[in-house]
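Asks: Got a sequence here, can you build the structure:
(one chain, ligands or ions: 1)
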Amino acid sequence: MSNNHKTDKTFTLINDETGDRIKLPVLEGSEGPAVIDVRKLYSQTGHFTFDPSFTSTGSCKSRITFIDGEKGILMHRGYQISDLAEKSTFTEVCHLLLYGDLPTRAEKEKFEHDITYHTMVNEQINFFYRGFRRDAHPMSIMCGVVGALSAFYHDSLDINDPRQREISAHRLIAKVATLAAMTYKYSIGQPFMYPRNDLSFAENFLYMCFAVPAEPYKVNPILARAMDKIFILHADHEQNASTSTVRLAGSSQANPFACVAAGIACLWGPSHGGANQAVLEMLDQIETVDRIPEFIERAKDKDDPFRLMGFGHRVYKNFDPRANVLKTACDEVLEDLGIDDPRLELAMELERIALEDTYFIERKLFPNVDFYSGIILKAMGFPTSMFTVLFAVARTVGWISQWKEMIEEPSLRIGRPRQLYVGPKSRPYVDLDDR
Ligand code: CMC
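Replies: Sure thing, here's the model as predicted:
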């Protein structure tokens, strides 16, 4: 197979009206379904394809992440997510996503140094926080402060310089965690805790969130490992809505800090990263096990907008491989903390009933990663409003790796979808007095 992934297969498209035929090339990647190359479709036929929500559209070539939704497979650079979650650390996975390989011992040491070197944020950024209301949603603060990084790091904004791209990637991975912790501290009125570079990424994050200057703080290793796993499991997920947002923003050559802020805005929605917050809110709403059937019926009712949050996935149609890993981590954390959260019992019963119900079975609606992550994060002491922020901390490496891959693609052009226009046809302008 050549470098452009062309095969000798084609699809023939026949115009039923004129009988005109065109052959469309078929491209094959290393895994997954082949794609029909429609790039010349408009010039050859005068037609666009119509695919709102992009359910049949491959928007780019990528070497980073592969998902097989039917088989429940998620791989980063060829490594299974379950292996990475069990055997790797988040910083190793960051290296893998960004550079294509797991680091050697020496590379790991250097990379960890490079990331921790950038954990502090410019002191001026502290003042930004004071402009926000204390009860602001943490994601609203994150959208603002991450975008604002572009106002501070002028020396890494030239997207055509590979070294500047690399520094901005390191800065984003490191600083988004610090900003997330500051957002939490601000919301509860506690002083910001400066990062500690002697700790691992996950340990440092827990420290910045839960330590206070008044007393020593010892990071619980079980919580640190669970945090690290949550970060690994959310690090990248192929061309999902927020990643596509980052790529589209980046295709205009916007700077990476602005692009990641756009990704954060997209992630905020309850159909995407906001789902883990929505799971907890739903469990609170259900309240008791005996009310589950009522909510299951509501989820099935087409006239009721209620959906079972944490169930279903656009791509995974059998199981979400991240959910399996997290379910185990969830048990470990709850056992270690000795937490007997009634919501857990509620969640398990909801899971059991939904998995036996034909509506959910027929539509292949299984618990997704957000179903379990919310429960662990709550047990760790994070308020629900912080859940999506933690997702953003983890996903920043995915966004920036995908952005970097796109910028390094020689054939990069600005992304520009087309449309099926269904508005009024051209009509004469009507003067104000005649309307
Ligand atoms: N509860 C009840 N019914 C559902 C649900 C649900 N959670 N999800 C899908 N359905 C039904 C839907 O009504 C439709 O039924 P019908 O065929 O009778 O019209 C069918 O299942 C297919 O749904 P869809 O809307 O076409 O599925 P989608 O692929 O567009 O949506 C989804 C995927 C994740 C947005 C959706 O399943 C959902 O809203 N789930 C709840 C929110 C959630 O947990 N989101 C987190 C996703 S995982 C995190 C991430 O990777 O970002």
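Asks: For the stretch 301-435 of the chain, which residues are neighbours of the ligand?
Replies: 307-314, 363, 365, 368-370 (Cβ under 6 Å from any ligand atom). Heads up, the C-betas are built off the backbone N, CA and C, glycines and all.
Asks: go again using 5 Å as the cut-off
Replies: 307-308, 310-312, 314, 363, 368, 370 (Cβ under 5 Å from any ligand atom).
Asks: Put together TSV for these, with distance to Asp83 and pLDDT on each row.
Replies: As requested, those are exported to TSV (distance: Cβ to Cβ, whole Å; pLDDT from 0 to 100):
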residue	distance to Asp83	pLDDT
Arg307	32	92
Leu308	30	93
Gly310	25	90
Phe311	26	92
Gly312	26	90
Arg314	24	84
Arg363	30	91
Asn368	20	88
Asp370	22	85
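Asks: Quick one: buried ones out of those residues?
Replies: Buried members of those, counted by 16 or more other Cβ atoms under 10 Å: 307-308, 310-312, 368, 370.
Asks: Nearest to the ligand among the residues you listed?
Replies: Gly312 (2.4 Å; Cβ to the nearest ligand atom).
Asks: Please give me every residue in contact with the nearest residue to that closest one once chain neighbours are set aside.
Replies: Among residues not flanking Gly312 along the chain, Leu365 sits closest, at 4.3 Å (Cβ to Cβ, 6 or more residues apart in numbering). Residues in contact with Leu365, defined by Cβ atoms under 8 Å, 6 or more residues apart in numbering, are 308, 311-312, 354, 359.
Asks: State the phi and psi torsions of Leu365.
Replies: With angles defined as degrees, to the nearest 10, Leu365 sits at phi -100, psi 100.
Asks: Now do it against Arg307, distance only.
Replies: Here Leu365 is placed at a distance of 9 Å from Arg307 (Cβ to Cβ, to the nearest Å).
Asks: Likewise for Leu172?
Replies: With Cβ to Cβ as the criterion, Leu172 and Arg307 are 32 Å apart.
Asks: and what of Cys60?
Replies: Cys60 is 29 Å from Arg307, where distance means Cβ to Cβ.
Asks: Leu41 touches Thr49, doesn't it?
Replies: Yes - contact criterion Cβ atoms under 8 Å: Leu41 and Thr49 qualify, at 6.6 Å.
Asks: which residues in the chain form strands?
Replies: 6-14, 21-27, 35-36, 65-68, 73-76, 79-80 (DSSP state E).
Asks: most tightly surrounded among these?
Replies: strand 73-76 (a mean of 22; mean count of other Cβ atoms under 10 Å).
Asks: can you give me the mean pLDDT across that one?
Replies: In this model, strand 73-76 has an average pLDDT of 96.
Asks: can you check stretch 181-193 too?
Replies: pLDDT averaged over stretch 181-193 gives 97.
Asks: Show me what that stretch is in contact with.
Replies: Stretch 181-193 is contacted from outside by 121, 126, 129, 132, 134-136, 138, 141-142, 145, 205, 207-209, 211-213, 382-383, 385-386, 389, using Cβ under 8 Å, 6+ apart.
Asks: repeat for stretch 382-395
Replies: Stretch 382-395 has contacts (Cβ under 8 Å, 6+ apart) with 90, 137-139, 142, 176-177, 180, 183-184, 187, 205, 209, 230-237, 242-243, 263-264, 267-268, 273-274, 276-277, 280-281, 373-374, 377-378.
Asks: Pull the contacting residues for the residue of the stretch 151-300 of the chain found nearest the ligand.
Replies: Closest residue of the stretch 151-300 of the chain to the ligand, Cβ to the nearest ligand atom: Ala275 (3.4 Å). When the contact criterion is Cβ under 8 Å, 6+ apart, the partners of Ala275 are 309-310, 368, 370.
Asks: can you list the residues of the stretch 151-300 of the chain near the ligand?
Replies: With the criterion set to Cβ under 5 Å from any ligand atom, the stretch 151-300 of the chain comes near the ligand through 271-272, 275, 299.
Asks: ChimeraX command for the buried members of the residues you listed?
Replies: Buried members of those, defined by 16+ other Cβ under 10 Å, are picked up in ChimeraX with:
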select :272,275,299
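Asks: Setting the sequence-adjacent residues aside, check what's closest to Thr288.
Replies: Closest residue to Thr288 apart from its sequence neighbours, by Cβ to Cβ, 6+ apart: Leu346 at 7.5 Å.
Asks: What is the burial count for that neighbour?
Replies: 20 (other Cβ atoms under 10 Å).
Asks: do Ala148 as well
Replies: Ala148: 18 surrounding residues under other Cβ under 10 Å.
Asks: Hmm, it is touching Tyr129, no?
Replies: No - at 10.7 Å, Ala148 and Tyr129 do not qualify as touching, with contact defined as Cβ under 8 Å.
Asks: where are the low-confidence patches of the chain?
Replies: Counting by pLDDT under 70, the chain contains low-confidence ranges at 1-3.
Asks: Output the longest helix belonging to it.
Replies: helix 162-188 (DSSP state H).
Asks: tell me which residues in it are buried?
Replies: Buried residues in helix 162-188 (16+ other Cβ under 10 Å): 164-187.
Asks: Now do the one residue in the stretch 1-150 of the chain that gets nearest to the ligand: how many residues are near it, please.
Replies: Nearest to the ligand in the stretch 1-150 of the chain, going by Cβ to the nearest ligand atom, is Ser53, at a distance of 7.0 Å. Here the number of neighbours of Ser53 (other Cβ under 10 Å) works out to 8.
Asks: Could you pull up the contacting residues of it?
Replies: Taking Cβ under 8 Å, 6+ apart, one finds nothing in contact with Ser53.
Asks: circling back: selecting buried members of the contacts of stretch 382-395 in ChimeraX, what would you type?
Replies: Filtering the contacts of stretch 382-395 down to the buried ones (16+ other Cβ under 10 Å) takes a single ChimeraX command:
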select :90,137,138,139,142,176,177,180,183,184,187,205,209,230,231,232,233,234,235,236,237,242,243,263,264,267,268,273,274,276,277,280,373,374,377,378
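Asks: Among the contacts of stretch 382-395, name the ones in helices.
Replies: 90, 138-139, 142, 176-177, 180, 183-184, 187, 205, 209, 230-233, 242-243, 263-264, 267, 276-277, 280-281, 373-374, 377-378.
Asks: thinking Lys378 is in contact with Asp341, fair?
Replies: Yes - Lys378 lies in contact with Asp341 (Cβ under 8 Å); the separation is 7.2 Å.
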